[in-house]
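> what follows is a predicted structure for the sequence shown.
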Amino acid sequence: SFCTLLNTEAMNKLLLSAALVANTAAIAPWEPPAGPPCTDCPNIVLMFTDDQDMIIGGWDRMDKTKKYIQEQGALATEWRIHTPVCAPSRSELQSGRYYHTINSHQITPPDHMSSGGVHHVDLGGKVFPYHFATTLRSQKGYVTGLFGKCMNGGCQQHDDEFDSNRTANLHQMGAFDRWFEGIGYENTTFFDNMAEGCEWPWNSTKCQTPTFPGGVWSGKGDGYDTSTIGNMTVNWIREVANKGRPFFAYVAIHAPHSPSTPAHWYKTDEFCDGIQSPRTPNWNYSGVHRSTCTKLPPSGPPPLGDEPVWWWDGADFHELISCFEYYDDKMAANVDNLARNRCKTLYSVDDAYSGIINVLEETNVLNNTYILVTSDHGYNLGQHMLPSNKFLIYEHSLRIPMIFMGPGIAKNSTIDLLATQVDLAPTILGFAGIDTPTYMDGKSIVANLITDATSIPGSVESHLKKYAAIARSSSFVEYYTQGPMGSHPTALDDWSNTYIGVTYRGDQGMFKFGIFDPYGPQTNFTKPYMYEMFDLIADPYELHNIYNATVASNPALVKMLTETTYQWYHCQGPACH
């Protein structure tokens with residue numbers, strides 16, 4: 001069984017004692033109330049990390065997760081993130097909507113940094129009211145719990161000047177019965193709707209729980225947030241399983257996001273201490289290098305400039321990449337140290353995930369639970385120059401883990417559908433037998449996942465009668481610069497890094513295609529200053545921009561990729577592929 005296979009020492013560090021479990025309060029009263037409980041719905045557990053890539057080492061040390069989840073389910077081999085930055089990515093996952101559907105009126109390039117891209121998203125008007133957890137709870141009576149990171153700055157009222165509804169507060173909108181929300185590694189204070197004195201409408205000043213050693217939750221992770229989040233999830237599942245309502249757990253761990261602080265029991269590790277950032281061909285690589293860079297688009301300041309300067313200096317990459325200075329030994333050492341610490345933080349994630357599998361088996365609900373494991377985007381560790389963060393159109397920033405496990409999903413299988421996290425909300429609703437709402441841009445892929453319908457929940461069986469497997473020849477990526485993040489020659493984001501694009505797979509090959517327009521949201525990407533195109537079969541590390549050559553040799557292919565990109569950009573709801 002899973003229980004006997006788990007590493008005892010690691011689990012002892014993670015799991016709660018019976019005495020601590022008994023101290024947990026009952027589920028808080030809620031307004032608005034949940035709907036009638038579904039009697040043939042599965043439980044659903046969504047677990048995801050922050051900045052965990054798939055192809056530059058981020059999945060290497062997830063040994064327990066591979067054994068107990070990936071090998072028991074399906075790995076999505078062509079899964080990419082739609083927007084490689086925190087707040088938009090999470091907003092798209094929660095709402096099932098593409099970036100252009102949820103963006104705010106913030107212009108690009110902004111004159112100041114928007115941390116995590118949060119100012120580019122209309123949380124109050126276009127995200128929070130459409131959270132799929134609210135639908136699970138109101139339509140099918142799910143008991144819902146959130147543990148970890150909900151959004152940059154939290155999911156309370158943001159009062160952001162770029163929000164169309166500045167008073168919206170997800171804490172009060174019927175999404176989750178249980179909130180244990182926080183971002184960090186150590187000494188974090190969580191928004192906790194079970195905290196002493198916390199009452200509806202959950203005043204944030206009374207609904208706080210410190211988890212540092214000596215705090216209220218001392219002993220439930222030894223002050224280390226990843227373990228605390230894992231423990232609180234395990235505790236909650238024990239409390240709600242088999243109580244007449246299906247449950248949904250949203251588990252969002254901050255690791256391995258910088259500063260990538262490992263738990264003290266994983267500070268030293270023989271494997272992680274011996275690694276470095278993968279020296280892939282695109283490491284410390286920028287093609288034709290630029291020495292002259294600008295703080296604003298050469299075509300003029302926002303909101304619009306004059307005619308754009310296109311393909312200037314003959315560079316292979318947009319300015320952010322081609323202007324970055326080459327690494328010296330100190331820069332390389334810093335990147336390698338970050339890679340080692342990221343590796344160590346993921347041991348605790350692996351412990352938490354295996355602990356959650358353990359409690360699902362312990363409570364006899366594993367066979368009626370769908371488990372999804374993923375990340376909010378990939379990463380850069382020197383690939384295409386950037387020493388950290390994400391933001392880029394290239395595979396290391398976009399490719400993420402995506403595992404599905406549950407009834408009817410074949411063990412140790414793969415699915416090669418081109419898809420993004422925008423498809424997760426309709427898929428999760430599909431597991432619960434809920435039709436995809438017309439306001440969602442993503443598509444349910446339940447039918448792509450289920451290969452054996454003989455023992456699936458009734459809700460899934462009903463969904464399969466309405467929704468067939470989907471097929472795609474492309475997936476869509478969309479990114480708006482957060483603003484000046486540092487300065488050249490070591491900037492991490494700038495005006496040049498606003499783009500839309502596709503990953504395309506068809507009879508003519510597999511290509512990455514991007515349209516770069518510094519004023520994208522204002523112009524609807526009709527003033528591109530540059531295009532990038534890569535043959536992902538011949539050039540998997542995206543070293544050689546073949547756009548100019550392909551315009552000359554195969555203009556029909558370029559025309560098709562351009563039209564496909566704009567079709568994605570202008571789609572909404574059922575009109576999206």
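Yep, that arrived.
> now stretch 534-542, how far from the centre of its chain.
When C-alpha coordinates are averaged (C-alpha atoms, centre = their mean, to the nearest Å), stretch 534-542 and its chain have centres 24 Å apart.
> kindly format the C-alpha coordinates of it as CSV.
Presented in CSV, the C-alpha positions along stretch 534-542 are these (Å, rounded to 0.1, in the frame of the first residue of the first chain):
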residue,chain,number,x,y,z
PHE,A,534,11.9,28.5,-33.7
ASP,A,535,11.8,25.0,-35.1
LEU,A,536,11.3,22.9,-31.9
ILE,A,537,12.3,19.7,-33.7
ALA,A,538,15.6,20.9,-35.3
ASP,A,539,16.3,23.5,-32.6
PRO,A,540,14.8,22.3,-29.3
TYR,A,541,16.9,24.8,-27.3
GLU,A,542,15.5,27.8,-29.3
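> residues of that stretch that come out buried?
Buried residues in stretch 534-542, defined by neighbour count with 16 or more other C-beta atoms under 10 Å: 534-536, 539-542. Quick note: C-beta positions are derived from backbone N, CA and C, even for glycine.
> what's the answer for stretch 545-552, then?
545-547, 550.
> give me the subset of these that lies in helices.
Restricting those to those inside helices, with DSSP state H as the criterion, leaves 547, 550.
> would you turn the buried residues of stretch 545-552 into TSV with pLDDT and distance to Pro42?
Conversion of these to TSV gives the following (pLDDT from 0 to 100; distance: C-beta to C-beta, whole Å):
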residue	pLDDT	distance to Pro42
Asn545	95	46
Ile546	95	46
Tyr547	94	46
Thr550	96	46
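> ok, the buried residues of stretch 545-552 vs Trp59, which is closest?
Each of the buried residues of stretch 545-552 was scored against Trp59 by C-beta to C-beta, and Asn545 proved nearest at 27.9 Å.
> quick check: the closest one touching Asp535?
No. Proximity of Asn545 to Asp535 does not meet the contact threshold set by C-beta atoms under 8 Å, at 10.1 Å.
> could you list the low-pLDDT ranges of the stretch 351-500 of the chain?
Residue ranges of the stretch 351-500 of the chain with pLDDT under 70: none are present.
> mind listing the strands for the stretch 301-450 of the chain?
With DSSP state E, counting those that start in this stretch applied, the stretch 301-450 of the chain shows strands at 369-375, 402-405, 413-415, listed in chain order.
> low-confidence ranges in this protein?
Per-residue confidence of the chain (counting by pLDDT under 70) places the weak regions at 1-31, 214, 218-219, 307-313.
> at the geometric centre of it, which residue sits there?
Centroid-nearest residue in the chain, with C-alpha atoms, centre = their mean: Asp376, separated by 1.5 Å.
> what's the closest non-adjacent residue to it?
Closest residue in space to Asp376, ignoring its immediate chain neighbours: Ser89 at 4.4 Å, by C-beta to C-beta, 6 or more residues apart in numbering.
> so which elements touch whichever helix or strand the one you found is part of?
Assigned by DSSP states H and E, Ser89 belongs to helix 86-95. Helices and strands touching helix 86-95, by 3 or more C-beta pairs under 8 Å, 6 or more residues apart in numbering; DSSP states H and E, are helix 99-102, helix 132-140, helix 424-431.
> dump these into TSV; add distance to Ile275 and mean neighbour count as well.
Written out in TSV, the entries for the helices and strands packed on helix 86-95 read as follows (distance: least, C-beta to C-beta, whole Å; neighbours: other C-beta atoms under 10 Å):
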stretch	distance to Ile275	mean neighbour count
helix 99-102	33	22
helix 132-140	37	22
helix 424-431	30	26
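> for those helices, give me CSV that also has distance to Asp452.
Output for those, formatted as CSV (distance: least, C-beta to C-beta, whole Å):
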stretch, distance to Asp452
helix 99-102, 35
helix 132-140, 23
helix 424-431, 15
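> what is the longest helix seen in the chain packed up against?
With residue count as the measure and DSSP H as the assignment, the chain has helix 329-362 as its longest helix. Secondary-structure packing of helix 329-362 (3+ C-beta pairs under 8 Å, 6+ apart): helix 2-5, helix 8-14, strand 43-50, helix 63-68, helix 225-240, strand 247-256, helix 270-273, strand 369-375.
> how about stretch 393-401: buried residues?
Buried residues in stretch 393-401, counted by 16+ other C-beta under 10 Å: 393-401.
> which residues sit in contact with the nearest residue to Gly148 once chain neighbours are set aside?
Leaving out its chain neighbours, the residue that sits closest to Gly148 by C-beta to C-beta, 6+ apart is Ala252, at 3.8 Å. Counting by C-beta atoms under 8 Å, 6 or more residues apart in numbering, Ala252 makes contact with 47-50, 90, 146-150.
> quickly list what the closest residue to Ile55 other than its chain neighbours is bridged to.
In space, not counting the residues next to it along the chain, Ile55 is nearest to Arg399; the distance is 5.1 Å by C-beta to C-beta, 6+ apart. Per DSSP bridges, residues listed as beta-bridge partners of Arg399: Arg80.
> mind listing what Arg399 touches?
Taking C-beta under 8 Å, 6+ apart as the criterion, Arg399 is in contact with 53-55, 79-80, 378.
> tell me which of the residues you listed is nearest to Pro457?
The shortest gap between Pro457 and any of the contacts of Arg399 belongs to Trp79, at 23.7 Å (C-beta to C-beta).
> that closest one touches Asp416, doesn't it?
No. With contact defined as C-beta under 8 Å, Trp79 does not count as touching Asp416 (9.5 Å).
> so between these two, which is more surrounded?
Neighbours per residue (other C-beta atoms under 10 Å) separate Trp79 from Asp416, with Trp79 holding more: 25 against 12.
> what distance do you get for Ala425 to Arg90?
Remark: distance between Ala425 and Arg90 (C-beta to C-beta, to the nearest Å) = 11 Å.
> which residues do the two both contact?
The contact lists of Ala425 and Arg90 share no entry, where a contact means C-beta under 8 Å, 6+ apart.
> for the stretch 151-300 of the chain, just list every one of the strands.
Assigned by DSSP E, counting those that start in this stretch, the stretch 151-300 of the chain shows strands spanning 178-181, 189-192, 208-210, 247-256.
> and these as JSON lines, adding distance to Ser474?
Formatted as JSON lines, these follow (distance: least, C-beta to C-beta, whole Å):
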{"stretch": "strand 178-181", "distance to Ser474": "35"}
{"stretch": "strand 189-192", "distance to Ser474": "39"}
{"stretch": "strand 208-210", "distance to Ser474": "45"}
{"stretch": "strand 247-256", "distance to Ser474": "28"}
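> neighbours around Asn169, how many?
Using other C-beta under 10 Å: Asn169 sits among 18 other residues.
> contacting residues around it?
128, 155-157.
> adding neighbour count and distance to Met530, write those out as JSON lines.
As requested, the contacts of Asn169 are exported to JSON lines (neighbours: other C-beta atoms under 10 Å; distance: C-beta to C-beta, whole Å):
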{"residue": "Phe128", "neighbour count": "26", "distance to Met530": "35"}
{"residue": "Cys155", "neighbour count": "26", "distance to Met530": "36"}
{"residue": "Gln156", "neighbour count": "19", "distance to Met530": "39"}
{"residue": "Gln157", "neighbour count": "19", "distance to Met530": "39"}
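> from these, pick the one nearest Pro489.
So of the contacts of Asn169, ranked by how close each gets to Pro489 (C-beta to C-beta), first place is Cys155, at 37.3 Å.
> from Gly58, how far out is the nearest residue to the closest one once chain neighbours are set aside?
Counting by C-beta to C-beta, 6+ apart, the nearest residue to Cys155 once its immediate chain neighbours are dropped is Leu170, at 3.9 Å. Here the criterion is C-beta to C-beta. By it, Leu170 lies 28 Å from Gly58.
> do Asp376 as well
Here the distance between Asp376 and Gly58 works out to 12 Å (C-beta to C-beta).
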